[in-house]
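Novice: sequence plus predicted model, see below.
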Amino acid sequence: YKRQLPPWARAEAPMPHTGTLCHGDLHLGQLVRHPAADGPWLLIDVDDLGVGVPVWDLARPAAWYACGLLPPGEWVRFLTAYREAGGPAVPAEGDPWPALDVPARALTAQTAARAVAKAVAAGRPLDEVERSVVDACDRMAAVPPQLVQEHAK
């Protein structure tokens, strides 16, 4: 699988530079309405805010969707709203996965490694969510190279 990653994801080239402002820890819990009932959506917890490659802000929701942890309807609603607001991480139309694939896979692998480490340290089996990300890693690793396209989903 490593050979299929772009050089920057293998630490063989610099990460693409961008001056785009990024949240740094975006997940759906960082979006809240204030006032709660009908106020505008606000992005909270900006202590990791900085410049970077914006697609990494979408890595967690994309990974959750790909792992089956974020229902398809919620993913589509989130991605549609992101695109309609002019979000720079993915194209405004068409398949978003060529942009999302590497960050979503990387975050899935990182999440699975943390889950296994936490479960082992606690002497407990993986819970349902942890098992989902570990299973996703198994599926990612099991795709035969001849079936992988340039931007596998």
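Specialist: Alright, I've got the coordinates.

Novice: what's the single longest helix in this structure?
Specialist: Ordering each helix of the chain by length in residues (DSSP state H) puts helix 97-122 first.

Novice: all helices for this structure, in order.
Specialist: Counting by DSSP H, one finds helices in the chain at the ranges 59-66, 72-84, 97-122, 128-142.

Novice: deepest of the ones you listed, which one?
Specialist: Most buried of these, by mean neighbour count (mean count of other CB atoms under 10 Å): helix 59-66, with a mean of 23. The way it works is simple: take the backbone N, C-alpha and C, and place the C-beta from them, glycine included.

Novice: quick one: average confidence on it?
Specialist: Helix 59-66 carries an average pLDDT of 93.

Novice: please apply the same query to stretch 94-103.
Specialist: The average pLDDT within stretch 94-103 is 92.

Novice: repeat for stretch 121-139
Specialist: Mean pLDDT, stretch 121-139: 94.

Novice: could you list the alpha-carbon positions for it in PDB?
Specialist: What follows is stretch 121-139, C-alpha atoms only, in PDB (Å, rounded to 0.1, in the frame of the first residue of the first chain):
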ATOM      1  CA  ALA A 121      -3.000  -0.900  27.900                       C
ATOM      2  CA  ALA A 122      -6.400  -1.200  29.500                       C
ATOM      3  CA  GLY A 123      -6.400  -5.000  29.100                       C
ATOM      4  CA  ARG A 124      -9.700  -5.000  27.300                       C
ATOM      5  CA  PRO A 125     -11.000  -6.000  23.900                       C
ATOM      6  CA  LEU A 126     -11.700  -3.400  21.200                       C
ATOM      7  CA  ASP A 127     -15.100  -1.800  21.400                       C
ATOM      8  CA  GLU A 128     -17.400  -1.500  18.400                       C
ATOM      9  CA  VAL A 129     -16.000   1.800  17.100                       C
ATOM     10  CA  GLU A 130     -12.400   0.700  17.600                       C
ATOM     11  CA  ARG A 131     -13.200  -2.600  15.800                       C
ATOM     12  CA  SER A 132     -14.600  -0.600  12.900                       C
ATOM     13  CA  VAL A 133     -11.400   1.300  12.300                       C
ATOM     14  CA  VAL A 134      -9.200  -1.800  12.700                       C
ATOM     15  CA  ASP A 135     -11.500  -3.700  10.200                       C
ATOM     16  CA  ALA A 136     -11.200  -0.800   7.800                       C
ATOM     17  CA  CYS A 137      -7.400  -1.000   7.900                       C
ATOM     18  CA  ASP A 138      -7.700  -4.700   7.200                       C
ATOM     19  CA  ARG A 139      -9.800  -3.900   4.100                       C
END
